[in-house]
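> one predicted model, sequence on top.
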Amino acid sequence: MAVIDDLKARAGGVCEFCGAAEGLAAQDLAGTDEQLLLCETCRSDDAPEAHWRCLEGAAWSAIPAVQAAVWRKLGQIDAPWAQEARDGMMLEPEVQALAEAGQVAAGVVHRDSNGAILAQGDTVTLIKDLPVKGAGFTAKRGTAVRGISLVADNPAHIEGRVEGQRIVILTEFVKKR
């Protein structure tokens, strides 16, 4: 019980994402030894998108584990405001490593054409024209693909939205922005 007491003291007795005081519990930060104090809504995957606007404020937390968790969560939200908030986060190198630790710990590491590690929600740029099968268009070189999703079991594939279509893209044809 000492762990939950320590988390409550650190967080001031409220959720470290949204500030709610009810339904608090410890939540592990995947791939690390860190824990967060989150409310029931923030621990669930069923929260409405509007609830996650609280992350814009939580991004300014002085606690590295909270910053890393916010960065990860913003990468999972497919909304322009979330990508802007994530892009605006200035993380120290050790906090960035903490944020990316869960991906590396899972054993599947997605890398772009230059070898940079890709994370959920990153923005990438196409490095060559790619004909999109079944969609009848060509994704042009230089196109920015925002808010990518990683294919969990295949490090050579990512998913992204180009011209309104959700497509699978080979990582060898993209570079991280």
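Arrived safely, thanks for sending. Numbers count the residues shown, from 1 in each chain.

> past the lowest-mean-pLDDT helix or strand in the chain, which element shows up next along the chain?
The weakest-scoring helix or strand in the chain, judged by mean pLDDT, DSSP states H and E, is helix 93-105 (a mean of 74). Next along the chain after helix 93-105, taking DSSP states H and E as the criterion, comes strand 124-126.

> so what strands line up beside the next helix or strand after that following strand?
Where DSSP H and E defines the elements, the next helix or strand beyond strand 124-126 is strand 130-132. Strands that pair with strand 130-132, judged by DSSP bridges, come out as strand 137-139 (antiparallel).

> so how far is the partner strand from its chain's centroid?
Centre-to-centre, strand 137-139 and its host chain are 27 Å apart (C-alpha atoms, centre = their mean, to the nearest Å).

> now do stretch 32-47
Relative to its parent chain, stretch 32-47 has a centroid offset of 14 Å by C-alpha atoms, centre = their mean.

> all numbers from here: first residue = 367
That works, and once the first residue is 367, the last one we named lands at stretch 398-413.

> distance between the ends of it?
Terminal residues of stretch 398-413 lie 24 Å apart, using C-alpha to C-alpha, to the nearest Å.

> can you get me a residue count around Gly526?
Around Gly526 there are 22 other residues, counting by other C-beta atoms under 10 Å. (C-beta placed from N, C-alpha, C; glycine too.)

> am I right that it sits in a helix?
No: counting by DSSP: H, G, I helix; E, B strand; the rest coil, Gly526 falls outside a helix, being strand.

> which residue ranges make up each domain of this structure?
In the assignment given by automatic domain parsing, the structural domains of the chain cover 368-470, 490-542.

> so can I have CSV of these showing distance to Asn480?
Below are the domains of the chain laid out as CSV (distance: least, C-beta to C-beta, whole Å):
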stretch, distance to Asn480
domain 368-470, 16
domain 490-542, 6
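
> which one of the ones you listed lies nearest to Gly481?
Gly481 lies closest, by C-beta to C-beta, to one member of the domains of the chain: domain 490-542, at 9.7 Å.
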